[in-house]
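1. model the structure of this input:
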Amino acid sequence: MSTRVAGPQGPTIESRDELVAYLEAGNKPMADWRIGTEHEKFGFYRQGHTPVPYDGDRGIRALLDGMKRRFCWDGVVERGNIIALQRPDCPKGGVISLEPGGQLELSGSPLATLHETDEELRHHLSEVTEIGNELGIGFLGIGFSPKWTLAETPVMPKARYGIMQRYMPTKGRLGLDMMFRTATVQVNLDFGDEANMVAKLRVGLALQPIATALFANSPFTDGRPNDFQSYRAEVWRDTDPERTGNLPFAFEPGMGFERYVDYALDVPMYFVYRNRRYIDAAGASFRDFLAGRLKELPGEHPTFDDWADHLTTLFPDVRLKRFLEMRGADAGPFAELTALPAFWVGLLYDPASLAEASALISGWTVSERRHLRDQVPRLGLKTPFRHSTALDVAREAVAIAGKGLQRRAVVDNAGDDERKHLAALVEIAAEGRSPADRLLTEYADDWHGDIDRLFDTRAF
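-> Alright, predicted model coming up:
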């Protein structure tokens, strides 16, 4: 989730049309399309495999302070607590922020190639593990906290999370699990115009469960198997139906920026940020705010910063801002962190691949898309679909992505094109075994049912 940095408020919004124009301003020529990769990971103490609290000589605060001192980072402070790091003017930019349960997130810079994404991720993991090792902290890429209960999970001192923590249980059973015990990898991608956005949004929404199945990596809860391939994806099914889901309206005639704005206006708010503090507006209407009728700020109208904040509190499988966020994958080891952006770049950034992917999903019905989203968390690649399985669709999608990356023809210093970053996914699709399948096999055979072996063998 985004981290607000204190500063002057943006211009006041005068009309709904300005909200549409705000999204439309994301249109970019193909030459300017970029790749922004975000990934989360769980910190743990190497001795005892317990979660890392915020405070203490070896806590999250100490980790962030250590990175700030040693590397080219500026601290973001809220109520006296360092809650994020940023370095927009350095070659290795981006933001490091905290998720509610202490998950450490890198929000990478917009980069031109997957080779640059690979370099950025390596650089980040090198920095964070250097400081982490000095504090006895390791990091694990997995979709759901594998060992600790919700009660054992620390709480980070970010005010917006307090608001969400109070509101979430009123909308779903698993909202707090989503906040405190899930971790993801996602990629943010650009669009050329409204039609291009709609095509990418539809492919992204339809194939998001396929990505979930390919990257499924959360088969443990409270130290033992949970009978799911991606429990993280299952948690999202019971978090808050008003702000999550597969957006059926996106496949209807007339879909565009205006239709998404109307959807966003109808999603209840969480908060408003004023004078360096978060005002609890959970459940309030942004439509009322636009009309000056928000009871928490009577007579006041929203700014574009408020709109940007509100858009970050929508959690559909693909989220539209001034770019598109692909949100369906579990966090994983390094090879899968680079394979996720490779998958979506190959599908969506090459015109021929986008056309082929659009044809692949064009006949799918609302009920078929819902079936995939509902069944994949438990069944993964084995999910029945039409006359085959999700695995068959996954193999076709991975092949389309590979052809798209080949046509992009972006080579590194060794002369390799971007297909090298898709290799982990090609292997998963060929074997028909997800990361969760591999973990469960190791748990039963090599680890003899000892979940602590996960931390010893799979840490970054």
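2. name the element the closest residue to residue 255 other than its chain neighbours belongs to?
-> Nearest residue to residue 255 in three dimensions, chain neighbours excluded: residue 198, at 5.2 Å (C-beta to C-beta, 6 or more residues apart in numbering). Yep, even glycine has a C-beta here, placed from its N, CA and C like the rest. Following DSSP states H and E, one finds residue 198 within helix 194-214.
3. what separates the helix or strand following that helix from the chain centre, distance-wise?
-> Sequence order places strand 220-221 as the next helix or strand after helix 194-214, per DSSP H and E. In terms of C-alpha atoms, centre = their mean, to the nearest Å, the centre of strand 220-221 is found 20 Å from the chain centre.
4. could you do stretch 86-105 as well?
-> Relative to its parent chain, stretch 86-105 has a centroid offset of 14 Å by C-alpha atoms, centre = their mean.
5. which parts of the stretch 1-150 of the chain are strands?
-> Remark: strands assigned in the stretch 1-150 of the chain by DSSP state E, counting those that start in this stretch are 35-45, 74-78, 81-86, 95-98, 104-107, 137-140.
6. that should have said the stretch 201-350 of the chain, apologies.
-> Under DSSP E, counting those that start in this stretch, the stretch 201-350 of the chain gives strands at 220-221, 224-225, 244-245, 271-274, 277-280, 315-316, 318-320, 324-330.
7. hey, which of those strands is tucked in deepest?
-> Scoring those by mean neighbour count under mean count of other C-beta atoms under 10 Å gives strand 324-330 as the most buried, with a mean of 26.
8. dump the C-alpha coordinates for it into PDB.
-> Output of strand 324-330 as PDB, limited to C-alpha atoms (Å, rounded to 0.1, in the frame of the first residue of the first chain):
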ATOM      1  CA  LEU A 324      -2.600  -0.800 -14.500                       C
ATOM      2  CA  GLU A 325      -1.600  -3.000 -11.600                       C
ATOM      3  CA  MET A 326      -1.600  -6.800 -11.900                       C
ATOM      4  CA  ARG A 327      -2.400  -8.000  -8.400                       C
ATOM      5  CA  GLY A 328      -3.000 -11.700  -8.500                       C
ATOM      6  CA  ALA A 329       0.300 -13.400  -7.600                       C
ATOM      7  CA  ASP A 330       1.800 -14.700  -4.400                       C
END
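9. helix 194-214 and that strand, what's the angle between them?
-> Angle, strand 324-330 to helix 194-214, by axes from the mean of the first three to the mean of the last three C-alpha atoms, to 10 degrees: 10 degrees.
10. what comes into contact with strand 324-330?
-> 142-144, 183-191, 197, 200-201, 204, 208-209, 211-212, 214-218, 230, 232-233, 315-319, 336, 340, 344, 435 (C-beta atoms under 8 Å, 6 or more residues apart in numbering).
11. distance from the centroid: which residue in the chain tops it?
-> Distance to the chain centre peaks in the chain at residue 299, reaching 35.1 Å (criterion: C-alpha atoms, centre = their mean).
12. next up, the contacts around that one.
-> Residue 299 is in contact with residue 292, counting by C-beta under 8 Å, 6+ apart.
13. pLDDT at it, what is it?
-> pLDDT recorded at residue 299 is 94.
14. with residue 191 instead?
-> 98.
15. give me phi/psi at it?
-> Main-chain dihedrals, residue 191, degrees, to the nearest 10: phi -140, psi 160.
16. now residue 182
-> In this entry, residue 182 is assigned phi and psi values of phi -110, psi 160 (degrees, to the nearest 10).
17. so it bridges to which residues?
-> Taking DSSP bridges as the rule, residue 182 bridges to residue 144.
18. does it touch residue 144 like I think?
-> Yes - in this structure, residue 182 is within contact of residue 144 by C-beta atoms under 8 Å, at 5.6 Å.
19. looking at those two, which one has more neighbours?
-> Comparing residue 182 with residue 144 by other C-beta atoms under 10 Å, the one with more neighbours is residue 182, at 28 against 25.
20. who's in contact with residue 284?
-> 268-269, 294-296.
21. return the set of buried residues in stretch 107-117.
-> The neighbour-count check on stretch 107-117 (16 or more other C-beta atoms under 10 Å) flags 107-111, 113-117 as buried.
22. for stretch 214-228, that is, sorry about that
-> Buried-residue list, stretch 214-228, by 16+ other C-beta under 10 Å: 214-221, 225-226, 228.
23. and if you look at stretch 418-432?
-> Buried residues in stretch 418-432, counting neighbours by 16+ other C-beta under 10 Å, are found at 418-422, 424-426, 428-429.
24. who does the closest residue to residue 157 other than its chain neighbours form a beta bridge with?
-> Of all residues not flanking residue 157 in the chain, residue 81 sits nearest, at 4.6 Å (C-beta to C-beta, 6+ apart). In this entry, residue 81 is beta-bridged to residue 78, by DSSP bridges.
25. who are the neighbours in contact with residue 81?
-> Counted by C-beta under 8 Å, 6+ apart, residue 81 has contacts 54, 61, 157.
26. what is the neighbour count of the last one?
-> Right, the one you point to is residue 157. Using other C-beta under 10 Å, residue 157 has 18 other residues around it.
27. got TSV for the contacts of residue 81, with distance to residue 326 and pLDDT too?
-> Below are these laid out as TSV (distance: C-beta to C-beta, whole Å; pLDDT from 0 to 100):
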residue	distance to residue 326	pLDDT
54	30	98
61	31	98
157	30	95
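28. these in helices, which ones?
-> Per DSSP state H, helices hold the following members of the contacts of residue 81: residue 61.
29. which residues does the residue nearest to residue 159 when sequence neighbours are not counted bridge with?
-> Closest residue to residue 159 apart from its sequence neighbours, by C-beta to C-beta, 6+ apart: residue 278 at 4.3 Å. Beta bridges link residue 278 to residue 273, judged by DSSP bridges.
30. show the pLDDT at residue 278.
-> Reported pLDDT for residue 278: 95.
31. same question for residue 1.
-> Reading off the confidence values, residue 1 has pLDDT 55.
32. please apply the same query to residue 414.
-> Looking at residue 414, its pLDDT reads 96.
33. same check on residue 10?
-> Note on residue 10: pLDDT of 78.
34. tell me who's in contact with it.
-> Counting by C-beta under 8 Å, 6+ apart, residue 10 touches 303-305.
35. just the buried ones from these, in ChimeraX syntax?
-> Here is the ChimeraX selection string for the buried members of the contacts of residue 10, based on 16+ other C-beta under 10 Å:
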select :303,305
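36. hang on, the earlier thing: how about the helix holding residue 198: buried residues?
-> 194, 196-214.
37. tell me which other helices or strands it touches.
-> With contacts taken as 3 or more C-beta pairs under 8 Å, 6 or more residues apart in numbering; DSSP states H and E, helix 194-214 sits against strand 318-320, strand 324-330, helix 334-348, helix 351-361, helix 366-379, helix 390-408, helix 423-431.
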